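[1] Compute the structure for the input listed below.
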Amino acid sequence: MIKGLREFLEENISTLDFVDGIIPGEIKVGSATGENLIVKYKYSTVSGAKLIAKSGSSIQEVFVVTRFPEKLKEVIEVIAE
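    Predicted structure coming up:
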């Protein structure tokens, strides 16, 4: 998992009562720089939602299993502010 992502998921996402599971995805190397973790809601999926996490030059997909992807999107947007 990329730097800071585990802590972010444990503190902000896994504690939500409407989240049934979290599946970390593939890690890729991007061209961006920066040390701060940025997590964005990408889109809804059949089983929940896909998030994109960026830290430094690393990018990781995260799949969240939930019946309420729109609620998750709202939470991610509030955290990002």
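[2] which secondary structure element contains Tyr41?
    Tyr41 is located in strand 38-44, with elements delineated by DSSP states H and E.
[3] Tell me the strands beside the helix or strand just after that strand, with direction?
    Once strand 38-44 ends, the next helix or strand along the chain (criterion: DSSP H and E) is strand 48-55. Paired neighbours of strand 48-55 in the sheet (DSSP bridges): strand 38-44 (antiparallel), strand 58-66 (antiparallel).
[4] in the strand holding Tyr41, what's buried?
    Within strand 38-44, the residues that qualify as buried by neighbour count (16 or more other Cβ atoms under 10 Å) are 39, 41. C-beta here means a position set from N, CA and C on the backbone, and glycine is covered the same way.
[5] what's the offset of it from the middle of its chain?
    6 Å (Cα atoms, centre = their mean, to the nearest Å).
[6] Would you agree Val75 falls within a helix?
    Yes - the assignment for Val75, made by DSSP: H, G, I helix; E, B strand; the rest coil, places it in a helix.
[7] how about it, what does it touch?
    Under the criterion of Cβ atoms under 8 Å, 6 or more residues apart in numbering, the contact partners of Val75 comprise 12-13, 16.
[8] and if you look at Ile59?
    Contacts were defined as Cβ under 8 Å, 6+ apart; by that measure Ile59 touches 2, 27-30, 52-53.
[9] most surrounded residue in those?
    Sorting the contacts of Ile59 by how many neighbours each has (other Cβ atoms under 10 Å) puts Ala53 first, at 23 neighbours.
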